[in-house]
Structures are given as C-alpha cells and as structure tokens.
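1. Dropping a prediction and its sequence here:
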Amino acid sequence: MISRRQLLIGSAVVPVLSYLDLTKAFADTPKDILVVAQQLDNITTLDPHANYEALAGEVCTNLYQNLIVPDPDDPSKIQPVLAASWSVDDSGKVFTFKLAEASFASGNPVTAEDVAYSLQRAIKINGGAAFIIGQFGFTPDNVDQAIVAVDDETVTLTTAEPTAISFLLYCLSASVGAIVEKAVVEAHVDGDDMGKTWLNKNSAGSGPFVLQAWKPSETIGLTVNPHGPYKGNLQRIVLRHVADPSSQLLMLQKGDADIARNLTTEQLKQVEGVDGFKTIRQEIASLMLISLNQNNEYLAKPEVWQAVKWALDYDGMQKNIVPMTYAVHQSFEPSGIPGAVTETPFHKDIDKAKALMAEAGLADGFEITLDHYSNQPYPDIAQAVQASLAEIGIKVNLLAGENRQVLTKMRARQHEMAMSSWGTDYFDPNSNAEVFCINEDNADDAKDRPFIWRSHFQNADFAERAKAARDEKDPAKRLELYEALQKDYMDNSPFAFMFQKTDTAVCRTGIDGFRLQVFSSSNSYEETTKS
C-alpha cells in the first residue's frame, strides 16, 4: 500500500494545488509542507510594484527582498538586507547604497542594475503605492537619471530636495521597494505592460520562497528558493483561502492546517490554554474605519460626519464582538507610530447625534448603502453600525463583498459609505498623514490617488499642515504638529476611525519561528520550521 508520504513525493511535479484535495483524506499535513488557513480575498495582484494591499505585501515579502527592512524587534530601527551599507553626501540629496552578496531564485547575483531597474519600474508603473517613493521627487520622466547603477555593487538615489536619510530608508522598506530580477521581468514583457501580467502569477525575486501558483480567493502555493535565505526544513507553503473563521479552527483542530490566521474572539477562546496549540499576538498598524464619500449630498455635510461618529457604540462593539482582536482607536495614526494620538473622545451619544442631524437639515434621516468586507468581524460590526445609525434616522443597507471587490469599488470612487481597513506603510507618522491629508488633485483622472481621494475628500489646511509636519527638522516639534493635526482631523473629516487590530496566528505544536510584525505586510515565513 502506498503511503501518504510516498504519494506526496511521487506527485511532486503536480502543482501544489493538488495537495489541497489530499487534505480531505488525511489528517496531519506532511512535515515539509506548511498549510496556512487564512482569508486571501483582498489580493488583486502579486506584482510587488503594482499591489497595494497588506496581504499582497505579505506574500511579496516572502518572495522578494528590499535594500533594507524594519528591525522585527524594533520597527523604529532599520536593518540591512540587500544593502550592505548606505551614506548621504553633504547636500543631503545623493544617497549611495553598497550591495551585499545575494542571489535571485534563478541563481544570478543581485546587482545594482536590478536595484535601479526595480525602483525605476515602481515609479513608472505608478501603482497605488508608488507615491511612497515618488514623494522624493522621482517621476517617470526623471527616474532613470535620478536612480542610477554606478557599478555592479553601487546604486545612487538623488532626491529633489535634501532628505533625512531615516525617512528615505523607512520608505524604501515598504513593499513597493522590492527588488526584482531585471532580465527575467523584461523577458516576459507583453507590449507596454512592463511585465505586470507575468509578475501577477509568477515571481522574480531573491526572497526565501518562489511563487508556484495563485488562484484568486482559493490558494497560493510557495516553494523554497534554492538560492535564497531560507534554511529551515519546509519545502512548500500552501496558503488556503478559508473565509469562515470557524472552518479555519476546525481545520486546525483536525490537523488539516498548521496555522490559522483569522480566528475571531469566539474561536480564540476555544484554543486559549489548550494543549497542542499556541497563539501568537501582535498589535499591528492597521485601522478599521468608515469612509463617507463626499460626492453624496447627505454625506458631504460636516454635521453628518459628526453625527455618525457620535452615534457609534465603540466600546460596546469592542467588548461584545472583538474583545481579543481589536481595541478602540479614533485617530489616523495607529498606536505604536511616533506621535500617535490614543485619546478616544467619541462615544455613543444619540441625543447629540440627533441634534447634529437636525442642524444638517436631515432630522428625518436618509437612506444609504454601506459596503463592507464579507469576512468576520466586518459583518458583525456592520450590523452593529447599522443598528446605531438607525437610531438617528440613517437607514443603512448593508452590502457585503470580498475584500478586493470592496477595494475595487472604493478605488473607482463608487461607494457611498464603506467600512474597510488601512495598514500603515512605514514607521513614520507621514505614512498615514500623507494618505489621509494630502490630496492635490481631486479629479477622477488624478495621477496620485491617496486614500482620501477615493472618497472625494480634499482639505487644503490639512494638506499644508501635513507637509509642514513632514518637513519639520525638530523631532519634538514635528510630533507636536502631527498630534495637533490628528485631533483636528477627528472632528473635521468624513472618516470614522473605530478600531486598531491585534493580529493573531494560532499554530499547532511543532510550528516554530513564525512571527507577526507591527506592519502586517512584513510577516515572513523565513524562519518558520515544522517538526
């Protein structure tokens, strides 16, 4: 009789997705295959220079490397990866990086030409995250002259204005700073797509793993990069899209999954302190918020912004729905980021909210649609929001969708109200201030489309103050500027920030080395082993 192990080895040439059928017939997963159950429905592309979702960033973190990354033990510090060293000249504008030795999955060395090409490509593609690097003055027209490979081991970046090196490094550590192999990508260019079509389903990096397969909202298969940094005993990682947290827990208990990534409080209580399982927790820089689109005549009224914020039962939702996975948070900077305001001035006050509705001339209320993610806890939170807003006359029709469906609708500016999440890109208050305060062009065909652009929000005062805080040289004064900006933003913006997420991963005994990071896009399986 053929054993399960022999069957898996014998079918090694079969795409990893075939393994998913085997889990129905057998209990424990093989020792060299890690199976992770999680919600995967918000990924729209796996091209590292085109994606702009935290989960896609996490997958890319396992496929690619950056010049530098945040220190996993202290994200306020930077540690080298592909860069061996860096320096800045006296002008504060020319930054030089010397490369360490590293190889792509092809076996070819990582060169300065690959680094320059990758950063240039990110600017030219101009995806949602391109502004993170573009804010230093790089444009599709000048980037070939501003980012240059001097020799095989040296690359220079010349910024438009003098720049603090720490600020530049934080930005280069974001997912959009991933380094791809130029020759491989260019060999798969189709017309003017710069290789985006191919990189959507393939990888060309130097990270610990290689993309084997991706079926949207189903599975992602990774195999070990033989030339990469992974030194553990895994050969493959299978990420399975399991929308229902209860199903994730059942898979974990039966041995069909090694890690469950999206358990809610209800499921976490069932494994807390139980032999055979261990729970990893990490407060992350991810916020849950409601966006009010300003192209709607009702939602464009500032009194309505306020009424919505005073109608919500933040504490009740946190205690009854998400006590182990979210904390109440009401400012645009998440706790843990320098300068974050952690005060929570809003609480449920129906009388005050009704008075604001009357002041807006909407005492009789109105009807509106709220788009929200279909995965928990969003449906439960959405129902609680619906009940609270009904008390002030706002009839909310709930419209659930996969994460990427909601995001696509928001990016097309077609939502009315939307409940979604936002993850910070790098360890500096400018990361969130940029996307929540600065919207230079509010036109539908705008080149730059920050988060607030999606809801047609533009405020010149907030924009100027965010820029002033960004450019302030005195560290203490800089944080004071950000703190004042956040407090004013709470009262005078069409965004209701509700919660900050605590990420969890429940592992079966024998899974070691997996760590959650403050920036969820940085979660890596590079040190994960299985016994």
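-> Received the coordinates, thanks. Residues are numbered from 1 along each chain as shown.
2. Could you count how many residues lie near the closest residue to F138 other than its chain neighbours?
-> Residue nearest to F138 in three dimensions, not counting chain neighbours: I123, with 4.9 Å by CB to CB, 6 or more residues apart in numbering. Glycine gets a C-beta too; all of them are placed from N, C-alpha and C. By other CB atoms under 10 Å, the residues close to I123 number 24.
3. Next, I123: secondary structure please.
-> Counting by DSSP: H, G, I helix; E, B strand; the rest coil, the backbone at I123 sits in helix.
4. Pretty sure it sits against D144.
-> No. At 9.4 Å, I123 and D144 do not qualify as touching, with contact defined as CB atoms under 8 Å.
5. those strands in the stretch 51-200 of the chain, which residues are they?
-> Assigned by DSSP state E, counting those that start in this stretch, the strands in the stretch 51-200 of the chain fall at 68-71, 74-80, 83-88, 94-99, 147-151, 154-158.
6. same for the first one, what does it pack against?
-> So that's strand 68-71. Packing partners of strand 68-71 (3 or more CB pairs under 8 Å, 6 or more residues apart in numbering; DSSP states H and E): strand 74-80, helix 165-172.
7. where among those is the average confidence lowest?
-> If you rank those by mean pLDDT, strand 74-80 sits at the bottom with a mean of 88.
8. Tell me the strands beside it, with direction?
-> Strand 74-80 has its sheet partners listed here by DSSP bridges as strand 68-71 (antiparallel).
9. quick one: low-confidence parts of this protein?
-> 1-27 (pLDDT under 70).
10. Touching, L399 and I368? I think so.
-> No. Using CB under 8 Å as the test, L399 is too far from I368 to be in contact (10.5 Å).
11. just checking, what packs against the longest helix along the chain?
-> What stands out as the longest helix in the chain, according to DSSP state H, is helix 475-491. Helix 475-491 is packed against helix 430-437, helix 460-471, with contacts defined by 3+ CB pairs under 8 Å, 6+ apart.
12. Could I get the full set of strands for the stretch 351-500 of the chain?
-> Under DSSP E, counting those that start in this stretch, the stretch 351-500 of the chain gives strands at 366-373, 394-401, 417-423, 495-508.
13. Contacts for the first one, please.
-> This means strand 366-373. The contact list for strand 366-373, computed with CB atoms under 8 Å, 6 or more residues apart in numbering, reads 42, 290, 296, 298-299, 378-379, 381-382, 385-386, 393-403, 406, 409-410, 415-421.
14. one step back: quick one: residues contacting the residue nearest to F138.
-> A130, I133, G134, F138, T139, P140, V143.
15. ok, it to A54 distance?
-> Distance, I123 to A54, using CB to CB, to the nearest Å: 22 Å.
16. quick one on the thing from earlier: tell me which of the strands of the stretch 51-200 of the chain lies nearest to G221.
-> Relative to G221, the nearest member of these by CB to CB is strand 68-71, separated by 24.1 Å.
17. any idea how far the closest one is from the chain center?
-> 16 Å (CA atoms, centre = their mean, to the nearest Å).
18. Check which residues of it are buried.
-> By 16 or more other CB atoms under 10 Å, the buried positions in strand 68-71 come out as I68, V69, P70.
19. check contacts around the first one.
-> Neighbouring residues of I68 by CB under 8 Å, 6+ apart: I78, Q79, P80, V81, L82, A83, W86, L169, L172, S173.
20. and if you look at the second one?
-> Contacts for V69 were tallied using CB under 8 Å, 6+ apart; they are I78, Q79, V81, S173, S522.
21. ok, so of those residues, who is nearest G273?
-> Nearest to G273 among those is S522, at 28.6 Å by CB to CB.
22. So G316 sits against H347, correct?
-> No. In this structure, G316 is not within contact of H347 by CB under 8 Å, at 9.7 Å.
23. how close does H227 get to G205?
-> H227 is 11 Å from G205, by CB to CB.
24. Which of those two has more residues huddled nearby?
-> Counted by other CB under 10 Å, H227 and G205 do not tie: G205 has more neighbours, with 28 against 15.
25. quick one: the more buried one and V180 touch, right?
-> Yes. With contacts counted by CB under 8 Å, G205 reaches V180, the gap being 6.1 Å.
26. now the contacts of I68: which count as buried?
-> Buried by 16+ other CB under 10 Å: I78, P80, V81, L82, A83, W86, L169, L172, S173, out of the contacts of I68.
27. so where does L239 fall, helix or strand?
-> According to DSSP states H and E, L239 maps onto strand 236-241.
28. May I have the strands that pair with the biggest strand by length in the chain, each with its orientation?
-> In the chain, with assignment by DSSP state E, the single longest strand is strand 277-292. In the sheet, strand 277-292 lines up against strand 417-423 (antiparallel), strand 495-508 (antiparallel) (DSSP bridges).
29. Redo those as TSV? Include distance to G336.
-> As requested, those are exported to TSV (distance: least, CB to CB, whole Å):
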stretch	distance to G336
strand 417-423	12
strand 495-508	9
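30. Which residues are in contact with the spatially most central residue of the chain?
-> Note on the chain: the residue nearest the mean C-alpha position is A54, at 1.9 Å, using CA atoms, centre = their mean. Shown in contact with A54 (CB under 8 Å, 6+ apart): S286, S421, G423, S520, S521.
31. Look up how far F131 lies from the nearest residue to the last one once chain neighbours are set aside.
-> Yep, that's S521 we're talking about. Nearest residue to S521, sequence neighbours excluded (CB to CB, 6+ apart): G57, at 3.0 Å. Separation of G57 from F131 (CB to CB): 15 Å.
32. now S421
-> 19 Å.
33. With Y117 instead?
-> Going from Y117 to F131 by CB to CB gives 20 Å.
34. and what of L399?
-> Counting by CB to CB, the gap from L399 to F131 is 29 Å.
35. These two - which one has more neighbours?
-> Under the criterion of other CB under 10 Å, the comparison of L399 against F131 puts F131 first, with 21 against 18.
36. is it true that that one touches S431?
-> No. The criterion here is CB under 8 Å, and F131 misses it with S431 at 10.5 Å.
37. hey, C-alpha coordinates of stretch 418-428 in CSV?
-> What follows is stretch 418-428, C-alpha atoms only, in CSV (Å, rounded to 0.1, in the frame of the first residue of the first chain):
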residue,chain,number,x,y,z
ALA,A,418,-17.6,51.9,3.1
MET,A,419,-16.1,50.0,6.1
SER,A,420,-12.6,48.9,5.3
SER,A,421,-9.2,48.7,6.8
TRP,A,422,-6.0,50.7,6.3
GLY,A,423,-2.4,49.5,7.0
THR,A,424,0.5,51.8,7.6
ASP,A,425,3.2,51.5,5.0
TYR,A,426,6.3,52.5,7.0
PHE,A,427,7.4,53.6,10.5
ASP,A,428,6.8,57.3,10.3
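38. mind checking how far it is from the chain centre?
-> That offset, for stretch 418-428, works out to 7 Å (CA atoms, centre = their mean).
39. what's the burial count for W305?
-> Using other CB under 10 Å: W305 sits among 21 other residues.
40. would it count as being in a helix?
-> Yes. Applying three-state DSSP, one finds W305 inside a helix.
41. residues contacting the spatially closest residue to it that is not a sequence neighbour?
-> Among residues not flanking W305 along the chain, P494 sits closest, at 4.9 Å (CB to CB, 6+ apart). Counting by CB under 8 Å, 6+ apart, P494 touches S291, L292, N293, Q294, L299, A300, W305, S455, F457.
42. Sounds good, over and out.
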